[in-house]
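Undergrad: Prediction below, plus the sequence it came from.
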Amino acid sequence: MATAGKVIKCKAAVAWEAGKPLSIEEVEVAPPQAMEVRVKILFTSLCHTDVYFWEAKGQTPVFPRIFGHEAGGIVESVGEGVTDVAPGDHVLPVFTGECKECAHCKSAESNMCDLLRINTDRGVMIGDGKSRFSINGKPIYHFTGTSTFSEYTVMHVGSVAKINPEAPLDKVCVLSCGISTGLGASINVAKPPKGSTVAIFGLGAVGLAAAEGARIAGASRIIGVDLNANRFEEAKKFGCTEFVNPKDHNKPVQEVLAEMTNGGVDRSVECTGNINAMIQAFECVHDGWGVAVLVGVPHKDAEFKTHPMNFLNERTLKGTFFGNYKPRTDLPNVVELYMKKELEVEKFITHSVPFSEINKAFDLMAKGEGIRCIIRMEN
Ligand code: NAD
Ligand code: ZN
């Protein structure tokens, strides 16, 4: 590539301040250093995690910053020591990486890589503590090691999954975060037995993917819980069989669910980020065998409060990042599920905008409209 080893000037959507619309700027993207790759992003989409850290209401503010972590692109050049991917490879960036060498990466049970696990406060590369983005020599910070709201971005090689080059990036880009997270939360973590009843709290992209995962695992009743009734019609396409809007009841939703299910659901998956929903999701599972899985990213001061008796009564509480998938090892296989038509991703994609209109994707999410909005970098 003619650009290898050189600074690339390109467009990026920069968040200068918390909650202010992103502005498209010309940024300089430095070449990848040791164990890093520079990737040309073709498609990216907006996930609620970007919005939380952009609003920075309950999170550490790090600005100016380039957000974005759900995307698909092509490797432009690689730094020293990179052997796993080469220029031209199709990759999905992942907000939580896999170094393949630490105790977590070597354990079959964990995807919490010591080196590259999600860190939302860090705005620089781990190699040298510097940013690869700048405007007039001033650094612009990274987000979750991905920063995909840029035509080119630099990532640690452990934060990209090499995928089948035949997979359409405008579709499979949504597998790089939300959809795989929800799917894995059900299939890999909640593991609902065949014929079981599952409650899904929050019917955004992640929750709908969790419903889809519960359906694939063979659950027979899937109860969607959301404060936004507009979500219910759409959720039927993802396997939800019943709905509960906590606003329609004057008793705790745990009680409503217990009455509907003869004592509690077998599994629940929380995909809201709201602490009350997290507690409800735990307390609504059946004693003796119920398992609740937390997926939503909470406010930084949130505290989980429940009576210890709820645990003694043999309920289990778990949490997961990225649906317990090891990004580099497992994500290519999730893409193959799509290629084999065992997993449909099109139904998650409800909107699409050119990069110049990226703020529209934020507006849609604020209004709770649609599921995923694809941002096209090239037109
Ligand atoms: P989203 O905003 O599209 O969906 C969230 C849904 O939850 C909305 O429909 C909202 O109405 C509903 N909701 C909010 N509060 C509720 C409450 N108290 N009770 C019931 N429903 C409620 O978001 P998303 O993109 O689907 O992401 C969901 C969550 O998952 C976010 O917190 C996001 O940060 C998190 N996330 C976690 C991981 C992970 O690896 N753990 C990965 C991606 C996203
Ligand atoms: Zn590791």
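TA: Arrived safely, thanks for sending. Numbers count the residues shown, from 1 in each chain. Ligands and ions are numbered 1, 2, ... in the order given.
Undergrad: Report the distance from stretch 306-314 to the chain centre.
TA: With Cα atoms, centre = their mean, to the nearest Å as the basis, the distance from the averaged C-alpha position of stretch 306-314 to the chain average is 30 Å.
Undergrad: Please point out which parts of it sit buried.
TA: Asn310 (16 or more other Cβ atoms under 10 Å). C-beta: built from backbone N, CA, C; applies to glycine.
Undergrad: contacts for it?
TA: The contact list for stretch 306-314 (Cβ atoms under 8 Å, 6 or more residues apart in numbering) reads 279, 282-283, 287-290, 317.
Undergrad: Likewise for stretch 55-63?
TA: Outside stretch 55-63, the residues that touch it by Cβ under 8 Å, 6+ apart are 15-19, 52-53, 120-121, 123, 141, 143, 298-302.
Undergrad: Is it possible to mark the buried ones in the residues you listed?
TA: With neighbours counted by 16+ other Cβ under 10 Å, these contain buried members at 15, 52-53, 120, 123, 141, 143, 298.
Undergrad: and ligand 1, which of those residues reach it?
TA: Tyr52 (Cβ under 6 Å from any ligand atom).
Undergrad: and which of the buried ones among the contacts of stretch 55-63 is nearest to ligand 2?
TA: Distance ranking of the buried ones among the contacts of stretch 55-63 against ligand 2, using Cβ to the ion, places Thr120 first at 17.9 Å.
Undergrad: Could you verify that the closest one is part of a strand?
TA: No. With the criterion set as DSSP: H, G, I helix; E, B strand; the rest coil, the secondary structure at Thr120 is coil rather than a strand.
Undergrad: Tell me if I'm right that it and His142 touch.
TA: No. Counting by Cβ atoms under 8 Å, Thr120 sits too far from His142 to count as a contact (10.7 Å).
Undergrad: and Gly264, what does it touch?
TA: Applying Cβ under 8 Å, 6+ apart, we find Gly264 in contact with 257-258, 284-287, 290.
Undergrad: go on, Lys130?
TA: Contacts for Lys130 were tallied using Cβ under 8 Å, 6+ apart; they are 124, 139.
Undergrad: Which secondary structure state does the closest residue in space to Val7 that isn't next to it in sequence sit in?
TA: Leaving aside its chain neighbours, Val7 sits nearest to Glu28 (5.0 Å; criterion: Cβ to Cβ, 6 or more residues apart in numbering). Here Glu28 takes the strand state, with states given by three-state DSSP.
Undergrad: need the contact list for Glu28.
TA: Glu28 makes contact with 7-9, 133-135, according to Cβ under 8 Å, 6+ apart.
Undergrad: Out of those, grab the one that's most surrounded.
TA: Neighbour count (other Cβ atoms under 10 Å) singles out Phe133 as the most crowded of the contacts of Glu28, with 27 neighbours.
Undergrad: Okay, that residue and Arg38: tell me how far apart.
TA: The gap separating Phe133 from Arg38 is 11 Å, by Cβ to Cβ, to the nearest Å.
Undergrad: What is the neighbour count of the residue in the chain that ligand 1 sits nearest to?
TA: Across the chain, no residue is closer to ligand 1 than Gly204, which sits at 2.0 Å (Cβ to the nearest ligand atom). The number of residues packed around Gly204, counting by other Cβ under 10 Å, is 23.
Undergrad: circling back to that earlier point, looking at the buried ones among the contacts of stretch 55-63, which two lie furthest apart in space?
TA: In these, two members sit farther apart than any others by Cβ to Cβ. They are Tyr141 and Pro298, at 22.4 Å.
Undergrad: circling back: quick one: which of the contacts of stretch 306-314 sit in strands?
TA: Among the contacts of stretch 306-314, DSSP state E puts Leu317 in strands.
Undergrad: Dump the contacts of Glu28 into JSON lines; add secondary structure as well.
TA: Rendered in JSON lines, the data for these read as follows (three-state DSSP):
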{"residue": "Val7", "secondary structure": "coil"}
{"residue": "Ile8", "secondary structure": "strand"}
{"residue": "Lys9", "secondary structure": "strand"}
{"residue": "Phe133", "secondary structure": "strand"}
{"residue": "Ser134", "secondary structure": "strand"}
{"residue": "Ile135", "secondary structure": "strand"}
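Undergrad: of all these, which comes closest to ligand 2?
TA: When these are compared for distance to ligand 2 (Cβ to the ion), Phe133 wins out at 24.8 Å.
Undergrad: tell me, what's touching Phe133 and Arg38 both at once?
TA: Listed as contacting both Phe133 and Arg38 by Cβ under 8 Å, 6+ apart are 29, 153-154.
Undergrad: Return a PyMOL selection command for the buried portion of those residues.
TA: Buried residues among the shared contacts of Phe133 and Arg38 (16+ other Cβ under 10 Å), as a PyMOL selection:
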select buried, resi 29+153+154
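Undergrad: Now the shared contacts of Phe133 and Arg38 in TSV, please, with extra columns for distance to ligand 2 and pLDDT.
TA: Formatted as TSV, the entries for the shared contacts of Phe133 and Arg38 read as follows, by distance: Cβ to the ion, whole Å; pLDDT from 0 to 100:
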residue	distance to ligand 2	pLDDT
Val29	26	98
Thr153	21	98
Val154	19	98
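Undergrad: Skip the chain neighbours and tell me the closest residue to the residue of the stretch 151-300 of the chain found nearest ligand 2.
TA: When distances are taken as Cβ to the ion, the stretch 151-300 of the chain reaches nearest to ligand 2 at Gly158, 7.0 Å away. In space, and not counting its chain neighbours, Gly158 is closest to Gly97: 3.9 Å by Cβ to Cβ, 6+ apart.
Undergrad: Export the buried ones among the contacts of stretch 55-63 as CSV, with columns for secondary structure, pLDDT and distance to Lys367.
TA: Compiled in CSV, these are given as follows (DSSP: H, G, I helix; E, B strand; the rest coil; pLDDT from 0 to 100; distance: Cβ to Cβ, whole Å):
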residue, secondary structure, pLDDT, distance to Lys367
Ala15, strand, 98, 20
Tyr52, helix, 91, 16
Phe53, helix, 94, 20
Thr120, coil, 93, 24
Gly123, coil, 97, 29
Tyr141, strand, 98, 28
Phe143, coil, 98, 23
Pro298, coil, 90, 23
